[in-house]
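> I'll drop the sequence and a predicted model, then ask my questions.
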Amino acid sequence: MATIEIGSAKARPGEKAIGRLDIGELREGTGFGLPVAVINGAKKGPLLYIQAGSDGNELNGIGVVRELFPRLDPKKLRGAIFIVSPLNFHGFQQNSHYNPLDNKKTNRNFPGKKDGSITERLAYSVFCYIKMCDLAIDLHQGGTSVMIDEVRVRVASSHKLHSECMELAKVFGIPYILDKEGPEGQLARAAPDEGIPTIDPELGGCVGWDEDSIRKGVRGVFNVLYYYGFLNGDPVLPHEYTVVSDFRDIYADRGGLVQFAAELHDKVAQGAKLFSVTDMFGGVRQEVVSPVEGIVWRKRRLPMVATGERVCSLGIDIRTEAFQS
(Lines give C-alpha, C1' and ligand atoms only; values in the text may rest on other atoms or scores of the structure.)
Protein backbone atom coordinates (compact mmCIF):
# COMPACT_ATOMS: atom_id res chain seq x y z
CA MET A 1 0.00 0.00 0.00
CA ALA A 2 1.22 3.45 -0.85
CA THR A 3 0.42 7.08 -0.16
CA ILE A 4 -2.47 8.35 -2.28
CA GLU A 5 -2.88 11.99 -3.17
CA ILE A 6 -5.13 14.40 -5.00
CA GLY A 7 -3.66 17.87 -5.16
CA SER A 8 -2.18 18.71 -1.77
CA ALA A 9 -4.32 16.10 0.04
CA LYS A 10 -2.00 13.18 0.79
CA ALA A 11 -2.86 10.17 2.91
CA ARG A 12 -0.94 7.05 3.83
CA PRO A 13 -2.79 3.75 4.28
CA GLY A 14 -5.31 4.10 7.10
CA GLU A 15 -5.37 7.91 6.88
CA LYS A 16 -7.50 10.63 5.32
CA ALA A 17 -6.62 14.19 4.37
CA ILE A 18 -8.05 17.36 2.86
CA GLY A 19 -6.29 19.86 0.60
CA ARG A 20 -6.53 21.85 -2.62
CA LEU A 21 -6.17 20.91 -6.27
CA ASP A 22 -4.52 23.84 -8.04
CA ILE A 23 -6.31 24.91 -11.22
CA GLY A 24 -5.12 28.38 -12.23
CA GLU A 25 -5.13 32.05 -11.34
CA LEU A 26 -7.78 34.73 -10.89
CA ARG A 27 -7.77 38.03 -12.79
CA GLU A 28 -5.41 39.80 -10.42
CA GLY A 29 -3.00 36.85 -10.37
CA THR A 30 -4.04 35.04 -7.19
CA GLY A 31 -3.96 31.29 -7.52
CA PHE A 32 -7.05 29.20 -6.77
CA GLY A 33 -7.76 25.53 -6.29
CA LEU A 34 -10.61 23.14 -5.61
CA PRO A 35 -11.34 21.70 -2.15
CA VAL A 36 -10.40 18.03 -2.31
CA ALA A 37 -10.07 15.08 0.03
CA VAL A 38 -8.64 11.58 -0.06
CA ILE A 39 -9.49 8.62 2.16
CA ASN A 40 -6.86 5.89 1.91
CA GLY A 41 -8.01 2.57 3.29
CA ALA A 42 -5.87 0.36 5.47
CA LYS A 43 -6.31 -2.50 2.99
CA LYS A 44 -6.09 -2.76 -0.77
CA GLY A 45 -9.28 -2.42 -2.75
CA PRO A 46 -11.08 -0.44 -5.46
CA LEU A 47 -10.91 3.32 -6.01
CA LEU A 48 -14.03 5.51 -5.94
CA TYR A 49 -14.37 9.09 -7.17
CA ILE A 50 -17.08 11.39 -5.76
CA GLN A 51 -17.77 14.95 -6.84
CA ALA A 52 -20.40 17.49 -5.81
CA GLY A 53 -21.29 21.01 -6.82
CA SER A 54 -20.69 20.64 -10.55
CA ASP A 55 -23.55 23.12 -10.83
CA GLY A 56 -22.74 25.85 -8.35
CA ASN A 57 -26.29 26.32 -7.03
CA GLU A 58 -26.95 22.61 -6.47
CA LEU A 59 -26.05 22.18 -2.83
CA ASN A 60 -27.51 18.82 -1.75
CA GLY A 61 -24.45 16.94 -3.01
CA ILE A 62 -22.20 19.30 -1.07
CA GLY A 63 -24.32 18.51 1.98
CA VAL A 64 -23.77 14.80 1.35
CA VAL A 65 -20.00 15.26 1.32
CA ARG A 66 -20.12 17.29 4.53
CA GLU A 67 -22.02 14.49 6.30
CA LEU A 68 -20.10 11.64 4.67
CA PHE A 69 -16.45 12.54 5.15
CA PRO A 70 -16.41 12.65 8.99
CA ARG A 71 -18.18 9.28 9.16
CA LEU A 72 -15.66 7.37 7.05
CA ASP A 73 -12.94 5.60 9.03
CA PRO A 74 -9.97 4.86 6.76
CA LYS A 75 -8.84 2.09 9.11
CA LYS A 76 -12.01 0.17 8.22
CA LEU A 77 -11.85 0.96 4.50
CA ARG A 78 -10.57 -1.19 1.66
CA GLY A 79 -9.32 0.81 -1.30
CA ALA A 80 -9.55 4.57 -1.46
CA ILE A 81 -11.91 7.47 -2.19
CA PHE A 82 -11.20 10.75 -3.99
CA ILE A 83 -13.63 13.63 -3.27
CA VAL A 84 -13.96 17.03 -4.96
CA SER A 85 -16.50 19.49 -3.51
CA PRO A 86 -17.50 21.94 -4.85
CA LEU A 87 -16.32 21.30 -8.37
CA ASN A 88 -17.74 24.50 -9.89
CA PHE A 89 -15.73 26.66 -7.51
CA HIS A 90 -16.66 30.07 -8.93
CA GLY A 91 -20.28 29.16 -9.59
CA PHE A 92 -20.57 28.09 -5.95
CA GLN A 93 -19.29 31.49 -4.80
CA GLN A 94 -22.05 33.24 -6.77
CA ASN A 95 -24.79 30.63 -6.34
CA SER A 96 -24.74 30.13 -10.12
CA HIS A 97 -25.39 27.09 -12.29
CA TYR A 98 -22.55 28.20 -14.59
CA ASN A 99 -18.94 29.22 -14.10
CA PRO A 100 -19.12 33.04 -14.23
CA LEU A 101 -15.57 33.30 -15.62
CA ASP A 102 -16.47 31.68 -18.94
CA ASN A 103 -20.25 31.16 -18.64
CA LYS A 104 -19.86 27.43 -19.18
CA LYS A 105 -21.61 24.53 -17.48
CA THR A 106 -19.07 22.21 -15.89
CA ASN A 107 -21.10 19.09 -16.60
CA ARG A 108 -20.99 19.71 -20.34
CA ASN A 109 -17.21 19.92 -20.59
CA PHE A 110 -15.78 16.51 -19.67
CA PRO A 111 -13.19 15.21 -20.26
CA GLY A 112 -11.99 18.81 -20.51
CA LYS A 113 -8.99 20.40 -22.19
CA LYS A 114 -5.55 21.00 -20.72
CA ASP A 115 -5.21 24.37 -22.48
CA GLY A 116 -8.89 25.35 -22.81
CA SER A 117 -11.17 27.78 -20.97
CA ILE A 118 -11.21 27.76 -17.18
CA THR A 119 -14.11 25.27 -17.03
CA GLU A 120 -12.42 22.99 -19.58
CA ARG A 121 -9.16 23.12 -17.60
CA LEU A 122 -11.00 22.40 -14.37
CA ALA A 123 -12.73 19.37 -15.91
CA TYR A 124 -9.43 18.16 -17.36
CA SER A 125 -7.66 18.45 -14.00
CA VAL A 126 -10.15 16.29 -12.13
CA PHE A 127 -10.63 13.87 -15.04
CA CYS A 128 -6.97 12.92 -14.73
CA TYR A 129 -7.85 11.49 -11.31
CA ILE A 130 -11.18 10.05 -12.40
CA LYS A 131 -9.40 7.89 -14.99
CA MET A 132 -7.52 6.21 -12.14
CA CYS A 133 -10.79 5.08 -10.51
CA ASP A 134 -13.01 2.01 -10.71
CA LEU A 135 -16.31 3.81 -10.06
CA ALA A 136 -17.55 7.41 -10.07
CA ILE A 137 -20.49 9.24 -8.50
CA ASP A 138 -21.42 12.75 -9.65
CA LEU A 139 -23.79 14.20 -7.02
CA HIS A 140 -26.38 16.62 -8.40
CA GLN A 141 -29.87 17.89 -7.71
CA GLY A 142 -32.60 18.98 -10.09
CA GLY A 143 -31.73 22.66 -9.88
CA THR A 144 -34.02 24.79 -7.74
CA SER A 145 -37.35 23.47 -9.04
CA VAL A 146 -39.19 20.77 -7.09
CA MET A 147 -38.15 17.29 -8.22
CA ILE A 148 -38.18 13.73 -6.95
CA ASP A 149 -34.96 12.06 -5.79
CA GLU A 150 -33.61 9.93 -8.64
CA VAL A 151 -30.48 8.47 -10.20
CA ARG A 152 -29.48 8.95 -13.82
CA VAL A 153 -27.68 6.57 -16.16
CA ARG A 154 -26.36 8.73 -18.98
CA VAL A 155 -24.92 6.22 -21.45
CA ALA A 156 -26.93 4.72 -24.30
CA SER A 157 -28.41 1.26 -23.83
CA SER A 158 -25.96 0.03 -26.48
CA HIS A 159 -22.92 1.28 -24.53
CA LYS A 160 -20.48 -1.40 -23.39
CA LEU A 161 -20.84 -0.25 -19.77
CA HIS A 162 -24.59 0.31 -19.72
CA SER A 163 -25.35 -2.72 -17.54
CA GLU A 164 -22.57 -1.78 -15.10
CA CYS A 165 -23.90 1.77 -14.84
CA MET A 166 -27.44 0.48 -14.28
CA GLU A 167 -26.17 -1.85 -11.58
CA LEU A 168 -24.39 1.05 -9.85
CA ALA A 169 -27.55 3.17 -10.13
CA LYS A 170 -29.66 0.48 -8.48
CA VAL A 171 -27.07 -0.09 -5.75
CA PHE A 172 -27.33 3.60 -4.84
CA GLY A 173 -30.75 2.61 -3.60
CA ILE A 174 -33.12 5.37 -4.77
CA PRO A 175 -36.08 3.62 -6.47
CA TYR A 176 -36.45 6.10 -9.37
CA ILE A 177 -34.01 5.92 -12.30
CA LEU A 178 -33.71 7.84 -15.56
CA ASP A 179 -32.11 5.59 -18.18
CA LYS A 180 -31.32 7.94 -21.06
CA GLU A 181 -28.15 8.95 -22.86
CA GLY A 182 -27.06 12.36 -21.63
CA PRO A 183 -25.66 15.36 -23.49
CA GLU A 184 -22.08 15.23 -24.69
CA GLY A 185 -19.67 16.41 -22.01
CA GLN A 186 -21.50 15.01 -19.00
CA LEU A 187 -19.23 13.13 -16.60
CA ALA A 188 -21.69 10.23 -16.42
CA ARG A 189 -21.32 9.89 -20.19
CA ALA A 190 -17.59 10.64 -20.56
CA ALA A 191 -16.21 8.47 -17.74
CA PRO A 192 -17.84 5.21 -18.96
CA ASP A 193 -16.04 5.76 -22.26
CA GLU A 194 -12.86 5.31 -20.19
CA GLY A 195 -14.21 2.09 -18.65
CA ILE A 196 -15.49 3.65 -15.42
CA PRO A 197 -19.11 2.95 -14.40
CA THR A 198 -20.58 6.33 -13.40
CA ILE A 199 -23.92 7.58 -12.14
CA ASP A 200 -25.54 10.98 -11.73
CA PRO A 201 -27.78 11.00 -8.63
CA GLU A 202 -30.22 13.92 -8.80
CA LEU A 203 -31.01 14.49 -5.13
CA GLY A 204 -34.34 16.29 -5.28
CA GLY A 205 -34.61 19.95 -6.16
CA CYS A 206 -34.68 22.91 -3.82
CA VAL A 207 -33.38 26.34 -2.94
CA GLY A 208 -30.53 25.85 -0.46
CA TRP A 209 -30.51 22.21 0.52
CA ASP A 210 -32.92 19.57 1.74
CA GLU A 211 -31.98 17.36 4.70
CA ASP A 212 -34.09 14.41 3.52
CA SER A 213 -32.43 14.36 0.10
CA ILE A 214 -29.03 14.67 1.76
CA ARG A 215 -29.79 11.65 3.96
CA LYS A 216 -30.75 9.66 0.87
CA GLY A 217 -27.48 10.67 -0.76
CA VAL A 218 -25.39 9.63 2.24
CA ARG A 219 -27.23 6.31 2.45
CA GLY A 220 -26.69 5.83 -1.29
CA VAL A 221 -22.93 6.30 -1.03
CA PHE A 222 -22.77 3.85 1.88
CA ASN A 223 -24.77 1.35 -0.18
CA VAL A 224 -22.09 1.64 -2.87
CA LEU A 225 -19.30 1.23 -0.33
CA TYR A 226 -20.91 -1.90 1.09
CA TYR A 227 -21.81 -3.54 -2.21
CA TYR A 228 -18.46 -2.99 -3.92
CA GLY A 229 -16.39 -4.12 -0.95
CA PHE A 230 -15.01 -0.84 0.39
CA LEU A 231 -16.66 -1.50 3.77
CA ASN A 232 -18.13 -4.50 5.55
CA GLY A 233 -21.91 -4.38 5.49
CA ASP A 234 -24.95 -4.94 3.31
CA PRO A 235 -26.69 -2.31 1.21
CA VAL A 236 -30.37 -1.61 1.87
CA LEU A 237 -32.05 -1.69 -1.53
CA PRO A 238 -35.63 -1.24 -2.79
CA HIS A 239 -37.69 -4.26 -3.80
CA GLU A 240 -38.21 -2.71 -7.23
CA TYR A 241 -37.23 0.30 -9.31
CA THR A 242 -39.29 2.60 -11.48
CA VAL A 243 -37.24 3.32 -14.59
CA VAL A 244 -38.14 5.94 -17.18
CA SER A 245 -36.35 6.60 -20.44
CA ASP A 246 -37.56 10.11 -21.25
CA PHE A 247 -39.39 13.20 -20.04
CA ARG A 248 -42.40 15.10 -21.38
CA ASP A 249 -42.40 18.78 -20.40
CA ILE A 250 -45.83 20.37 -19.91
CA TYR A 251 -46.27 24.10 -20.53
CA ALA A 252 -48.92 26.69 -19.77
CA ASP A 253 -50.86 28.33 -22.59
CA ARG A 254 -52.32 31.02 -20.35
CA GLY A 255 -50.78 33.26 -17.72
CA GLY A 256 -51.87 33.23 -14.09
CA LEU A 257 -51.54 31.10 -10.95
CA VAL A 258 -50.98 27.33 -11.03
CA GLN A 259 -53.10 24.94 -8.98
CA PHE A 260 -51.84 21.34 -9.14
CA ALA A 261 -54.14 18.34 -9.29
CA ALA A 262 -51.26 15.83 -9.33
CA GLU A 263 -48.24 15.75 -7.05
CA LEU A 264 -44.69 14.43 -7.28
CA HIS A 265 -44.46 10.62 -7.67
CA ASP A 266 -48.09 10.38 -8.85
CA LYS A 267 -48.61 8.09 -11.80
CA VAL A 268 -51.10 9.74 -14.12
CA ALA A 269 -53.04 8.24 -17.00
CA GLN A 270 -53.38 9.86 -20.38
CA GLY A 271 -56.14 12.44 -20.05
CA ALA A 272 -55.79 12.81 -16.27
CA LYS A 273 -55.87 16.37 -14.94
CA LEU A 274 -52.43 17.79 -14.10
CA PHE A 275 -53.11 21.39 -13.15
CA SER A 276 -55.25 24.47 -13.63
CA VAL A 277 -54.17 28.02 -14.37
CA THR A 278 -56.40 30.56 -12.63
CA ASP A 279 -56.62 34.32 -12.62
CA MET A 280 -55.80 36.34 -9.51
CA PHE A 281 -59.31 35.78 -8.12
CA GLY A 282 -59.62 32.02 -8.66
CA GLY A 283 -61.30 31.97 -12.03
CA VAL A 284 -60.09 29.05 -14.14
CA ARG A 285 -58.33 30.18 -17.33
CA GLN A 286 -56.92 26.80 -18.44
CA GLU A 287 -57.16 23.18 -17.36
CA VAL A 288 -54.32 20.94 -18.45
CA VAL A 289 -54.50 17.16 -18.76
CA SER A 290 -51.70 14.69 -19.35
CA PRO A 291 -51.04 13.92 -23.02
CA VAL A 292 -49.46 10.56 -22.06
CA GLU A 293 -49.19 8.10 -19.22
CA GLY A 294 -46.42 9.28 -16.95
CA ILE A 295 -45.07 9.99 -13.48
CA VAL A 296 -44.96 13.52 -12.10
CA TRP A 297 -41.19 13.93 -11.91
CA ARG A 298 -40.69 17.67 -11.57
CA LYS A 299 -42.95 20.64 -10.96
CA ARG A 300 -42.75 24.39 -10.85
CA ARG A 301 -41.73 25.89 -7.49
CA LEU A 302 -43.47 29.26 -7.84
CA PRO A 303 -47.24 29.45 -8.42
CA MET A 304 -47.21 32.23 -11.03
CA VAL A 305 -46.73 31.30 -14.67
CA ALA A 306 -46.68 33.03 -18.06
CA THR A 307 -47.64 31.67 -21.45
CA GLY A 308 -45.06 29.14 -22.63
CA GLU A 309 -43.44 28.53 -19.23
CA ARG A 310 -42.86 24.94 -18.10
CA VAL A 311 -45.15 23.92 -15.26
CA CYS A 312 -44.16 20.28 -14.74
CA SER A 313 -42.33 17.34 -16.31
CA LEU A 314 -43.51 13.76 -16.59
CA GLY A 315 -41.28 10.70 -16.61
CA ILE A 316 -42.48 8.57 -19.54
CA ASP A 317 -41.77 5.21 -21.18
CA ILE A 318 -42.06 3.61 -17.76
CA ARG A 319 -40.87 0.16 -16.80
CA THR A 320 -40.45 -1.66 -13.48
CA GLU A 321 -37.27 -3.57 -12.73
CA ALA A 322 -35.84 -5.61 -9.87
CA PHE A 323 -32.24 -5.65 -8.71
CA GLN A 324 -30.07 -8.34 -10.23
CA SER A 325 -26.40 -8.54 -9.21
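On my side now, so go ahead. Quick caveat, the model's predicted, so the values are computed rather than measured. Residues are numbered from 1 along each chain as shown.
> in which helix or strand does Asn95 reside?
If you go by DSSP states H and E, Asn95 is not part of any helix or strand.
> no no, Ala191
Taking DSSP H and E as the criterion, Ala191 maps to helix 187-193.
> tell me the buried residues in that helix?
Leu187, Ala188, Arg189, Ala190, Ala191, Pro192 (16 or more other Cβ atoms under 10 Å). Just so you know, the C-beta spots here come from the backbone N, C-alpha and C atoms, and that holds for glycine as well.
> what comes into contact with that helix?
51, 54, 107, 110-111, 127, 130, 136, 138, 152-155, 159-161, 164-165, 181-183, 198-200 (Cβ atoms under 8 Å, 6 or more residues apart in numbering).
> among those residues, which are in strands?
Gln51, Ala136, Asp138, Arg152, Val153, Thr198, Ile199, Asp200 (DSSP state E).
> let me see the contact set for the closest residue to Asn40 other than its chain neighbours.
The spatial neighbour of Asn40 that comes closest, neighbours along the chain excluded (Cβ to Cβ, 6 or more residues apart in numbering), is Ala11 at 4.0 Å. Taking Cβ under 8 Å, 6+ apart, we find Ala11 in contact with Thr3, Ile4, Glu5, Ala17, Val38, Ile39, Asn40, Pro74, Ala80.
> so how far is Thr278 from Arg301?
18 Å (Cβ to Cβ, to the nearest Å).
> and Glu181, what does it touch?
Applying Cβ under 8 Å, 6+ apart, the residues contacting Glu181 are Arg154, Val155, Ala156, His159, Arg189.
> any chance of JSON lines for those residues, columns distance to Asp210 and pLDDT?
Listed next are the contacts of Glu181 as JSON lines, based on distance: Cβ to Cβ, whole Å; pLDDT from 0 to 100:
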{"residue": "Arg154", "distance to Asp210": "23", "pLDDT": "98"}
{"residue": "Val155", "distance to Asp210": "28", "pLDDT": "98"}
{"residue": "Ala156", "distance to Asp210": "31", "pLDDT": "98"}
{"residue": "His159", "distance to Asp210": "31", "pLDDT": "98"}
{"residue": "Arg189", "distance to Asp210": "26", "pLDDT": "98"}
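> of these, closest to Leu264?
Arg154 (22.1 Å; Cβ to Cβ).
> that closest one reaches Lys180, doesn't it?
Yes. Assessed by Cβ atoms under 8 Å, Arg154 is found in contact with Lys180 at 7.2 Å.
> re earlier: inside strands: which ones of the contacts of Ala11?
Going by DSSP E, the strands hold Ile4, Glu5, Ala17, Val38, Ile39, Asn40, Ala80 from those.
> ok, so of these, who is nearest Tyr228?
Ala80 (12.4 Å).
> quick one, helices of the stretch 101-250 of the chain?
With DSSP state H, counting those that start in this stretch, the ranges of helices along the stretch 101-250 of the chain come out as 118-130, 162-172, 187-193, 211-227.
> so Gln259 sits in a strand?
Yes. In this structure, Gln259 lies within a strand as judged by DSSP: H, G, I helix; E, B strand; the rest coil.
> quick one: contacts for it?
Phe275, Ser276, Val277, Thr278, Pro303 are the contacts of Gln259 under Cβ under 8 Å, 6+ apart.
> give the contact list for the fourth one.
So that's Thr278. So, once contact is read as Cβ under 8 Å, 6+ apart, Thr278 ends up touching Gly256, Leu257, Gln259, Val284, Arg285.
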